[in-house]
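**Student:** this is a predicted model, with the sequence first.
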Amino acid sequence: MGESSLSSSPSERLVEDRLDSWKEVAAYLKRDVKTVQRWEKREGMPVHRHVHDKIGSVYASRAELDAWARGRNLRAAEDNGINNASSADLVLQPTSLISTWTSRARWRLVFLLPAMAVALAIVAILWLQRTEHFWRNPLANARFQTVTDFEGLQEAAAVSRDGHFVAFLSDRDGRMDVWVTQVGSGEFHNLTHGRAPSLANPSIRTLGFSPDGSLVTFWVRKQNNASSSDISVWAVPTLGGEPRPYLEGVAEFDWSRDGTRLVYHTPGPGDPLFVSDGGLRSAERPIFTAPAGLHAHFPLWSPDKAFIYFVQGVPPDNLDIWRIRPAGGTPERITSHNGRVTYPVLLNRRALVYLATEPDGSGPWLYSVDVERRIPHRLTYDLEQYTSLAASADGRRLVATRTAPDRTLWRMRIADSSAGVSEAEQIPLTTSRGFSPRLGPNYLLYVSETGTGEGIWKLANGISTELWRGEGARVFGGPAISPDGRYIAFSIRQHGQTLLYAMQADGTNARVVADSLDLQGDPACRPTANRSPRRSPITAPHTSFAYRSTVVPLLLLSRSTQSNPRGRPMAALLFTRDLTSALHFL
């Protein structure tokens, strides 16, 4: 009978080289019995069987097993692409092989865990940066100081590069003039004395300083005739003197911090933007012109002169901040408010502070943004609204004008002749503020701030009653009253939505009439012959803007039982007055 799997006679083997059972073979290879039996069947591991004993009786040679292990190790290395390994590296005893595998796995784990930790740390840092977890309010440690405390308007503030002088517009002497004060002196000087007409323009930066601070510059519009006017920048000595032209044909400008480069725009279509090196005007082509229908205002140099920032959009309520290289090119968008954005200033190369309205139209408030990350942050949450902002060259001194919403209602009686016109008198209200008045039959409607929102109030027989209020709501325009006085309509912005409401004149049955329209201005009720007795038809709001100026007539005629000697009804003029504004240091 032949032998199965015998390569030599057992008698030729040394006794100390033999392994006489599956158990001894498994112990030598440091594996269990099933594993070595599987290797014998599948991978040809050399195991010998006795011919005359029972089938399960086997023996093996240590030398043959070692040779088989070396060959098996070589094939595994080639399969893994390790073709350059030396044969000395591959000739391993089974015990050494297992130890090497364990050691390699341990080292791989040692290197893998730190790599994973570093990767997770990088991901966390990038996420925190994107969400600006480490952002800090640039005005957190600012010290606020009131500069002016006199009555009248103060607006369009500017500060000299060294921060020693502040200029602003004020009507302290009866008409709007350019004023200047030295910081800390408490003295204020009128520089124009009525010699510069049409100084105010909230859409641009109207005041500034020359690089050395010796001149205060101001925007001026001179009317040539009924259809044309000249816009230029004039200047007056900071210590007083005669005004004179500074940049003729220029609407706005800004000097670089070192005073070597000038950026300016003219009042032409698209507000063409020019850059000049050293001289006051450049004859070169503009580096940028806004597309048709858009404007580009408030040019501003970055501290390193790498960019020019400006406000672009459709004034007054669809604007944002952009930037462009001084050599021109495609501008980059920095903010996405799509609101009233004005007066940008840079505290350093990345910290941009500016004024902007909220999505509900409230404000303007102070905002800040990192020009690289471009996530806006509101800096102030008080009730006072900011109207202008300026910064010194080092960004360490800011000056701002702000106005408190201390609005009151006034009225005056009008007759056929000037002799019958009475003095204006304030309407007493139980609320602290009132604006947007509307007259109904025997009652007066107005809007007032209460808590964190605005509401509709009704004044009748000297008593004020709240008809409607919404948390976080802002009423824009003013309420509309149906011809019979039974129904009221009004528009609000609340939680990012614009809503049109209607209710009965006593405040009951308030309901949303429209929630998907882009509402602007005042709603209007119109009479109709077949009107339902339970509801007044409401038209879509017209596209006029709500009141913006300091004193705005809102309703002209009231129903009065008094008559003049000719038997004609007397008329009353109602209006809102905002009496408070001030200049502040930040």
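**Tutor:** In hand now; what should we look at? Numbers count the residues shown, from 1 in each chain.
**Student:** pLDDT below threshold where in the stretch 151-300 of the chain?
**Tutor:** 224-229, 279-283 (pLDDT under 70).
**Student:** where do the strands sit along the stretch 251-400 of the chain?
**Tutor:** With DSSP state E, counting those that start in this stretch, the ranges of strands along the stretch 251-400 of the chain come out as 252-255, 261-265, 273-277, 295-301, 308-314, 318-324, 332-333, 341-346, 351-356, 365-370, 377-378, 385-391, 398-403.
**Student:** cool, and the stretch 101-250 of the chain?
**Tutor:** Counting by DSSP E, counting those that start in this stretch, the strands of the stretch 101-250 of the chain are 145-146, 154-159, 165-170, 177-182, 189-190, 207-209, 215-223, 229-237, 244-247.
**Student:** measure residue 321 to residue 333 for me?
**Tutor:** 8 Å (C-beta to C-beta, to the nearest Å). Yep, even glycine has a C-beta here, placed from its N, CA and C like the rest.
**Student:** settle it for me: which of the two has more neighbours?
**Tutor:** When neighbours are counted by other C-beta atoms under 10 Å, residue 321 and residue 333 differ, and residue 321 comes out ahead with 28 against 11.
**Student:** list the contacts for residue 321?
**Tutor:** 309, 310, 311, 312, 333, 334, 335, 341, 344, 352, 354, 369 (C-beta atoms under 8 Å, 6 or more residues apart in numbering).
**Student:** before we move on, back to that, for residue 455, find the nearest of the strands of the stretch 101-250 of the chain.
**Tutor:** Residue 455 lies closest, by C-beta to C-beta, to one member of the strands of the stretch 101-250 of the chain: strand 154-159, at 28.9 Å.
**Student:** pairing partners for that closest one, with directions?
**Tutor:** strand 165-170 (antiparallel) (DSSP bridges).
**Student:** the strand it pairs with to strand 177-182, inter-axis angle?
**Tutor:** 150 degrees (axes from the mean of the first three to the mean of the last three C-alpha atoms, to 10 degrees).
**Student:** tell me the buried residues in strand 165-170?
**Tutor:** 165, 166, 167, 168, 169, 170 (16 or more other C-beta atoms under 10 Å).
**Student:** in a markdown table, list the residues you listed along with distance to residue 401.
**Tutor:** Below are the buried residues of strand 165-170 laid out as a markdown table (distance: C-beta to C-beta, whole Å):
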| residue | distance to residue 401 |
| --- | --- |
| 165 | 16 |
| 166 | 10 |
| 167 | 11 |
| 168 | 7 |
| 169 | 9 |
| 170 | 10 |
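**Student:** hmm, back to that, can I get the contacts of residue 321 in CSV including pLDDT?
**Tutor:** Output for those, formatted as CSV (pLDDT from 0 to 100):
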residue, pLDDT
309, 98
310, 98
311, 97
312, 97
333, 97
334, 96
335, 96
341, 96
344, 97
352, 95
354, 96
369, 94
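**Student:** closest one of the residues you listed to residue 453?
**Tutor:** residue 341 (24.0 Å).
**Student:** the residue nearest to the closest one when sequence neighbours are not counted bridge partners, please.
**Tutor:** Excluding the flanking residues, the one nearest residue 341 by C-beta to C-beta, 6 or more residues apart in numbering is residue 319, at 4.3 Å. Per DSSP bridges, the residues bridged to residue 319 are residue 313, residue 339.
**Student:** next one: the one 4 residues further on
**Tutor:** Per DSSP bridges, residues listed as beta-bridge partners of residue 323: residue 309, residue 332.
**Student:** ok, it - contacts?
**Tutor:** 302, 307, 308, 309, 310, 331, 332, 334, 371.
**Student:** where's it relative to residue 286, distance?
**Tutor:** 16 Å.
**Student:** how about stretch 205-213: buried residues?
**Tutor:** Going by 16+ other C-beta under 10 Å, stretch 205-213 has these buried residues: 205, 206, 207, 208, 209, 210, 211.
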